[in-house]
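after the sequence you'll find the predicted model.
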Amino acid sequence: MPHQLPNLPYDHAALEPHIDAQTMQIHHSKHHQAYVNGLNAAEEALRAAMEKGDAKAVVKATAALNFHGGGHANHSLFWTIMGPKTGGEPGGDLGAAIKDAFGGFANFKTVFETQATGIQGSGWAWLCWEPTTKSVVIATTANQDNPVKTGLVPLAGIDVWEHAYYLKYQNRRPDYIKAWWNVVAWEKVGQNFQQARG
């Protein structure tokens, strides 16, 4: 069964004024769809390359699989950890874990914003569960890489590719990141946290 674009769990305009409807429409139906299409094509190319025993074609298809598969996985999580009438601060076990790791939510936000702003070019900033230390950590990845490649479990992430914010914020990535806090669905992130830590 080919991969398919998941439906947005809310209307394109639901995250206004923080993320504009046009950006959401293009980001979801064009950019994410392109990753889905690329992933399906990469899987077909990998199957064909393996059947032929073509090592170079396997390497090429694997690189495409990583890029488009990451784009699909990253965006599929991204849509679910945002929502209308959300924001605020996380409570419960997730809030306690953030306090333990960063000394408080305010400090966590500062560190997260600094790391997300500092990504060179395109990429993502993440709140992750670190299974070895059993704590929450901040990670960044380039392009469409996903933290699972390094053993982390992504709980929430912000897309800092320009396509995620340029129509509204132009080159002001820090403004976009600050606005993003207003649409983070902490209840969903908390559910991801509970699932990740078992």
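Structure received.

how is this protein divided into domains?
21-80, 92-197 (automatic domain parsing).

export those domains to TSV and tack on mean pLDDT, distance to H3 and mean neighbour count?
C-beta: built from backbone N, CA, C; applies to glycine. Shown next, in TSV, are these (pLDDT from 0 to 100; distance: least, Cβ to Cβ, whole Å; neighbours: other Cβ atoms under 10 Å):
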stretch	mean pLDDT	distance to H3	mean neighbour count
domain 21-80	97	5	16
domain 92-197	98	14	17
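
distance to P6 added to the ones you listed, as a markdown table?
As requested, the domains of the chain are exported to a markdown table (distance: least, Cβ to Cβ, whole Å):
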| stretch | distance to P6 |
| --- | --- |
| domain 21-80 | 6 |
| domain 92-197 | 14 |
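
check contacts around the closest residue to W181 other than its chain neighbours.
Distance criterion Cβ to Cβ, 6 or more residues apart in numbering; nearest residue to W181, sequence neighbours excluded, is G87 at 5.9 Å. Contacts here follow Cβ atoms under 8 Å, 6 or more residues apart in numbering; on that basis G87 touches W181, N182, V183, V184, W186.

in a strand, that's where G87 is, yeah?
No. Under DSSP: H, G, I helix; E, B strand; the rest coil, G87 falls outside any strand and is assigned coil.

what are the phi and psi values at it?
Dihedral angles of G87 (phi, psi; degrees, to the nearest 10) stand at phi 80, psi -150.
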